[in-house]
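# With the input below, show me the fold.
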Amino acid sequence: MTRSRFFVLSVFATLSFVIAASFFSGAQVPAHKIIKFNVPGAGTSSGQGTIPFGILADGTTLGWYIDSSTVYHGFLRSPAGTITTFDDPLAATGSGQGTFPYGINSALTIVGYYLDSSGVYHGFLRSADGSTYTPIDDPKAGTSAGQGTIAVDINTKGEIVGNYFDSNGAFHGYVRSPSGKLTTFDDPLAGTGSGQGTGPSGLCGLTDAGAIAGGYVDSSKVNHGFLRSPSGSFTTIDPSGSVSTNVIGLSSNETVGGYYFDSIGLFHGFVRTVGGTITSYDAPNSADTSANNINSGGVIAGAYDDSSFVMHGYVRSPTGTFTEFSVPGAGTSSGQGTSANESNATGEITGNYIDSSGVNHGFLRQ
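Numbering: from 1, shown residues only. Modelled structure (predicted):
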């Protein structure tokens, strides 16, 4: 989460230490059904609970939950509401450890990572039926705590993107072919020191055509966005006024979404069109605005803070129309509220809300 409030599924934001979810719109909107849910076994203390972040066209929802020991686990929720939990069999079970799913394709194949007992990251590929976990470990990855390999997205062809941390603490992007071949990539402007490097965005960072969106940290430890073409060329993405840019992904036609920090530390969302035009935006009535995901059609889901720094969810259409909402039961104090984490092709929205006790709960807005 950014500022420990917004949920942002961006590995680049994680690597840059940015990561750590009243209906209103400009026009009257019809009532929508909101389904709340909690994964059995999710913890009920502050910072624990259920956090869905991805939703497929059929309504299948992907997420993770945090148990009472602050261990992370993956889950899938079917369109009918059946919840299946899962863990990589090699994942450690200490506080802050566990299994972290990040990407899913239409075949229900899931990628992510787990932490072992030494604090080393290992990527995984989970088969659709959950019977097989294939490890993903880049041979150039470091093997000490805080190093290793992370997988973050998978397309319909079975190509996977992720990043690895080397023995010096720098991070590098990679593409894994369906046959298992790993190819490293680095933005040419990325730094090579500890905490610097290149990383793709999670969940929506890879298209079927092979375009990749993400971010890099330069040698001055400044965050920038990038778009990598299928042929391997890089374009830097920095909105005007940004002092730190975080790309959260791209649509099927390579429209890029993200958010940035301005010079006084406030968030603003942005979109970059295929032609290269960058448009900054702020949700109506917001003090600051973040972004979580952009779907294949270019709809951005996110959250904004009001003047009391209470979160509210929103979706922004490709034409710039906002729909804002809050889940009944969400807390109304600073750091509490609603985060929209993704919208699918049919307009369903999934996300999490934080109640008055600081506990996360999942929702589906139909």
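
# Low-confidence stretches in the protein?
1-30 (pLDDT under 70).

# ok, which stretches of the protein are helices?
Taking DSSP state H to define them, one finds helices in the chain at 11-15.

# Please look at residue 357 and residue 46 and confirm they touch.
Yes: between residue 357 and residue 46 there is a contact at 6.0 Å, judged by CB atoms under 8 Å. Bear in mind the C-beta positions are built from the backbone N, C-alpha and C, glycine included.

# Give me the contacts around stretch 120-128.
Identification of contacts with stretch 120-128 by CB atoms under 8 Å, 6 or more residues apart in numbering yields 74, 86, 88, 90, 99, 101, 107-116, 132-137, 141-151, 154, 160, 162, 164-165.

# Only the buried subset of the residues you listed, as a PyMOL command please.
Burial among those is assessed by 16 or more other CB atoms under 10 Å; the matching PyMOL selection reads:
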select buried, resi 74+86+88+99+101+108+109+110+111+112+113+114+115+116+133+136+137+141+142+147+148+149+150+151+154+160+162+164+165
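
# Could you list which of the contacts of stretch 120-128 belong to strands?
When DSSP state E is applied, the contacts of stretch 120-128 are split such that 74, 86, 99, 101, 110-115, 133-136, 148-151, 154, 160, 162, 164-165 fall in strands.

# residues of stretch 56-72 that come out buried?
56, 59-67, 71-72.

# biggest separation within those residues, which pair?
Using CB to CB, these reach their maximum pairwise distance at 59 and 71, which is 27.3 Å.
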